[in-house]
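*Asks:* model this:
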Amino acid sequence: MDKKALYKALLVEDEFHSRKRLVSILKQIPEIQLLGEAENGFQGLELFQEHHPDLIFLDVEMPGMNGFEFIQQLDSVPMVIFTTAYDHFALRAFETLAVDYLLKPITLEQIQKALAKVKSLEEISQKLQPILSPVNYIGHPLAQYLRRFSIKYGNRWSLIQETQVIRFYSSESLSYLVTEDGFEHIISYSLEELEKKLDPSFFLRIHRSSIISIPKVKDIRSLGSARFQIIMKDGTQIETSRSYCDKIKEILLDKSRKSRDDS
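*Replies:* Sure, this is the predicted structure:
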């Protein structure tokens, strides 16, 4: 990094002219080293994984994946300055949580003022981390449970809906997402991280290496000694561990009894 540069930055902006304008402005600021520019959230994820910047200039309104969803996909949250053409209610919710948000067309003076906020908020990255915990920040846009998951196919990215997921599992330090059509995809989260981001009414941890989709459960059988065998709708059979017995009884057994009673 340039000796004068204090922050490694990434720009994620889908509109060509706005992006080029911002690139030109950022290059005038010696405290910022611009590592790369992305025209959508998927390219932004690529650059983030490659560079792990300190600061992101992030457009809110983008096709495919908006700025809020982009942040949810990150395994760590850097300082964020939102850029947008719209001053609506969602932005006001972020006013005290992001470093700043800037209305287009953005000027050098706006960037310099935002950078002053960055300098005065060195602890902002630590403050942003708990925002992603739905337990602590129910109702805030950043605290919403993950409903879509970013998946990479070769050089292409896509988003998988939570309703398409059968289960998550970990093996040899990697985590996988399994869809209802049987495909497995590597994801960047550990199961511990996922458990905090997933809707507990939709997903359940049944083993240290397994999280399942509750609506995709076909049957549950007792194996004795506080252990169960879960049969998923795709035919997968998963044995639970004793440490999750109480939660399984509370959620899955009640669900199974209600299903039998309804039939």
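
*Asks:* how's the protein carved up into domains?
*Replies:* As given by automatic domain parsing, the domain ranges for the chain are 7-142, 162-262.

*Asks:* can I get these in a markdown table with mean pLDDT?
*Replies:* Below are those laid out as a markdown table (pLDDT from 0 to 100):
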| stretch | mean pLDDT |
| --- | --- |
| domain 7-142 | 82 |
| domain 162-262 | 90 |
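
*Asks:* closest to residue 156 out of these?
*Replies:* Nearest to residue 156 among those is domain 7-142; the distance by Cβ to Cβ comes to 8.0 Å. All C-beta spots, glycine's among them, are computed from the backbone N, C-alpha and C.

*Asks:* tell me what the helix or strand hosting residue 205 is packed against?
*Replies:* Using DSSP states H and E, residue 205 falls within strand 203-207. Under the contact criterion of 3 or more Cβ pairs under 8 Å, 6 or more residues apart in numbering; DSSP states H and E, strand 203-207 touches helix 191-197, strand 210-213, strand 237-239, helix 245-248.

*Asks:* before we move on, the earlier item: make a markdown table out of the domains of the chain and add mean neighbour count and distance to residue 156.
*Replies:* Below are the domains of the chain laid out as a markdown table (neighbours: other Cβ atoms under 10 Å; distance: least, Cβ to Cβ, whole Å):
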| stretch | mean neighbour count | distance to residue 156 |
| --- | --- | --- |
| domain 7-142 | 17 | 8 |
| domain 162-262 | 15 | 12 |
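
*Asks:* turn the ones you listed into TSV, including distance to residue 152.
*Replies:* Putting the domains of the chain into TSV (distance: least, Cβ to Cβ, whole Å) gives the following:
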stretch	distance to residue 152
domain 7-142	8
domain 162-262	8
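
*Asks:* all good on my end, thank you.
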